[in-house]
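**Q** Build me a structure from this.
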Amino acid sequence: MSVTKHGIHKHNKGPRREQALLARQLIRGGFVLLIVGIFLMGSFAVAAPSALRIVIGTFAPYYSPTVVHIGTGTPISWDNPTADLHSITHDGCKTGERCAFDSGPLGPNGTFTVPHLPPGSYSYHCSFHPIMRGVLVVVESGSSSET
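**A** Coordinates of the predicted model:
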């Protein structure tokens, strides 16, 4: 406050008060942007398809589920909870056709993920244990099923 020549007190609306007002407006604006950002990130997280998980086993069925129908754009992950090396190798890699995926050696507690596959049928096997076989059927729809 300051006193005028007539003895009247008046408020000084100088730079400090303007800076404080500006700071409050920036904080409010930043908060609104933060809330909008969190909302948008949550929207994208919900829209992203979750990975289909296939578990490798020591006994039949070696890949569980063995046959999977999955929609395009859905990631597929294989988990190896066993104590052995395994692989997830598309049959095309062995026959000289187009090799759609090959994990190479997948050790104990390892995970192999294929982000997406185009529509089609994909038979696969374990290079170390050829008796281990599975099939992925990728369809245009967003639905998936397991057998």
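**Q** mind listing the helices for this structure?
**A** 15-47, 91-95 (DSSP state H).
**Q** rank those helices by mean pLDDT and give me the bottom one.
**A** Mean pLDDT is lowest for helix 15-47 among the helices of the chain, at a mean of 58.
**Q** okay, and the helix or strand of this protein with the least pLDDT?
**A** Every helix and strand of the chain was ranked by mean pLDDT, DSSP states H and E. The lowest is strand 9-10, at a mean of 50.
**Q** now the strands: where do they sit in this protein?
**A** Remark: strands assigned in the chain by DSSP state E are 2-3, 9-10, 52-56, 63-64, 67-71, 76-80, 89-90, 110-114, 120-125, 133-139, 145-146.
**Q** which stretches of this protein have low pLDDT?
**A** Scanning the chain with the threshold set as pLDDT under 70 gives 1-15, 20-23, 25-49, 141-147.
**Q** and it, what are its domains?
**A** For the chain, the structural domains run 2-47, 52-146, going by automatic domain parsing.
**Q** Would you format the strands of the chain as TSV with mean neighbour count included?
**A** The way it works is simple: take the backbone N, C-alpha and C, and place the C-beta from them, glycine included. Shown next, in TSV, are the strands of the chain (neighbours: other CB atoms under 10 Å):
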stretch	mean neighbour count
strand 2-3	9
strand 9-10	8
strand 52-56	19
strand 63-64	18
strand 67-71	19
strand 76-80	20
strand 89-90	21
strand 110-114	17
strand 120-125	18
strand 133-139	18
strand 145-146	13
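**Q** Using a markdown table, lay out those strands together with distance to R16.
**A** Formatted as a markdown table, those follow (distance: least, CB to CB, whole Å):
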| stretch | distance to R16 |
| --- | --- |
| strand 2-3 | 13 |
| strand 9-10 | 15 |
| strand 52-56 | 59 |
| strand 63-64 | 69 |
| strand 67-71 | 60 |
| strand 76-80 | 58 |
| strand 89-90 | 69 |
| strand 110-114 | 56 |
| strand 120-125 | 69 |
| strand 133-139 | 65 |
| strand 145-146 | 66 |
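**Q** This completes my enquiry, with thanks.
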